[in-house]
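**Student:** show me how the following folds:
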Amino acid sequence: MTDTPFKIHDDIKFECASLIAGWHEDAGNLGYGVLKYLKNNLQCRLMAEIEPTGYWPMNNILISDDVARFPESKLYYCPDKALLLFLSHSPNADWYRFLNTIIDMAGYHCRLQQVYTMGGMINLNAHTAARHISAVVSSSDMKQGFAGSDVEIEMDYETPVGQRPTLSSFLMWTARQRDIPAVSLWGPVPFYLAGLDDPRSWRPILTFLDERLKLGLNFTELEGRIKTQDEKIAIARGSNPELEELFKRLESGQMLSPEENDQLVGDLEEIFETDE
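**Tutor:** Numbers count the residues shown, from 1 in each chain. All right, here's what the predicted structure looks like:
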């Protein structure tokens with residue numbers, strides 16, 4: 001198979017049940033954080049990657065130390081869990097061909113039975129509020145599998161007028177066109193953490209996948225990251241009465257003004273800029 005639009009790194013064939021996909025450009029780095037955590041926890045290995053030509057303009061490729069940094073678009077496999085992971089930057093062009101290539105790339109190595117994708121949904125709640133994930137499912141059979149779970153599956157979301165549907169929505173539609181059941185998972189992300197890592201938003205998605213796919217994940221590292229973030233925000237609140245007042249209003253369900261929202265975003269970015 002030489003004329004494929006993807007590069008094969010490991011030609012292994014194995015029994016595969018599920019593909020989980022996530023994107024770099026996501027509120028709270030949700031997709032990126034979840035996929036990286038799964039990849040590291042499950043000791044997955046690189047299987048294949050999509051060639052960037054045609055999906056990203058070459059004049060936008062980052063050059064660092066005279067080395068071209070191409071967008072990441074890689075497929076990993078976890079043979080012990082019958083699982084594939086796909087982590088990618090969002091393509092700038094030809095979404096339809098790109099998403100079909102994902103399915104082709106996965107299908108080259110195994111018989112794909114279901115697809116999971118995910119995204120962060122920005123909301124106006126405080127980070128201390130409970131996080132409940134929502135899901136859109138592509139078939140009634142898959143919906144029955146959510147019975148008794150805490151996942152909201154009657155999510156009523158419409159793409160705003162003039163905006164394009166999300167890449168996750170397109171991937172779910174692409175899988176459905178090829179008779180592969182798919183689920184799009186959505187996790188809430190506080191607006192002031194949208195541009196930062198928000199490990200607390202990763203937790204319910206990872207918990208759901210862990211329980212549904214019997215992955216046996218260890219959450220010690222993730223809980224440590226959540227605790228560290230909470231402590232940094234708590235210290236900032238304790239030393240800044242104005243910031244504390246903004247958080248108290250959010251936690252009581254009050255709306256902030258656009259200017260106050262911007263202030264909170266700026267304050268949080270400053271707090272965590274040392275982590276970059």
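
**Student:** can you give me the distance of the residue in the chain sticking out farthest from the centre to Phe247?
**Tutor:** Here the chain reaches farthest from its C-alpha mean at Pro241, the gap being 33.8 Å by C-alpha atoms, centre = their mean. Pro241 sits 11 Å away from Phe247, taking C-beta to C-beta, to the nearest Å as the criterion. No exception for glycine: its C-beta is placed from N, CA and C like everyone else's.

**Student:** again, but for His127
**Tutor:** 9 Å.

**Student:** who touches both of these two?
**Tutor:** Counting by C-beta atoms under 8 Å, 6 or more residues apart in numbering, the shared contacts of His127 and Phe247 are Ile233.

**Student:** any regions of the stretch 151-276 of the chain where pLDDT drops low?
**Tutor:** Within the stretch 151-276 of the chain, the stretches with pLDDT under 70 are 154-164, 274-276.

**Student:** just the strands in it please.
**Tutor:** For the stretch 151-276 of the chain, the strands defined by DSSP state E, counting those that start in this stretch occupy 182-190.

**Student:** ok, now the stretch 1-150 of the chain?
**Tutor:** Secondary structure of the stretch 1-150 of the chain by DSSP E, counting those that start in this stretch: the strands cover 6-8, 18-23, 45-50, 62-64, 67-69, 73-78, 83-88, 114-123, 134-137.

**Student:** who are the packing partners of the last one?
**Tutor:** This means strand 134-137. Under the contact definition 3 or more C-beta pairs under 8 Å, 6 or more residues apart in numbering; DSSP states H and E, strand 134-137 sits against strand 182-190.

**Student:** what do you get if the cut-off is 10 Å, keeping everything else the same?
**Tutor:** Secondary-structure packing of strand 134-137 (3 or more C-beta pairs under 10 Å, 6 or more residues apart in numbering; DSSP states H and E): strand 114-123, helix 140-144, helix 167-177, strand 182-190.

**Student:** in JSON lines, list the ones you listed along with mean neighbour count.
**Tutor:** Formatted as JSON lines, the helices and strands packed on strand 134-137 follow (neighbours: other C-beta atoms under 10 Å):
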{"stretch": "strand 114-123", "mean neighbour count": "22"}
{"stretch": "helix 140-144", "mean neighbour count": "11"}
{"stretch": "helix 167-177", "mean neighbour count": "20"}
{"stretch": "strand 182-190", "mean neighbour count": "25"}
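
**Student:** looking at the strands of the stretch 1-150 of the chain, which is closest to Gln229?
**Tutor:** Using C-beta to C-beta as the measure, strand 114-123 is the one of the strands of the stretch 1-150 of the chain that comes nearest Gln229, at 15.3 Å.

**Student:** who does the closest one pair up with?
**Tutor:** Strand 114-123 pairs in its sheet with strand 18-23 (parallel), strand 182-190 (parallel), by DSSP bridges.

**Student:** kindly export the shortest one (C-alpha atoms) in PDB.
**Tutor:** Translated: strand 18-23. C-alpha atoms of strand 18-23 as PDB (Å, rounded to 0.1, in the frame of the first residue of the first chain):
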ATOM      1  CA  SER A  18     -12.300   1.700  19.500                       C
ATOM      2  CA  LEU A  19     -10.700   4.900  18.200                       C
ATOM      3  CA  ILE A  20     -10.500   8.000  20.400                       C
ATOM      4  CA  ALA A  21      -9.700  11.300  18.700                       C
ATOM      5  CA  GLY A  22      -8.700  14.700  20.100                       C
ATOM      6  CA  TRP A  23      -7.500  18.000  18.900                       C
END
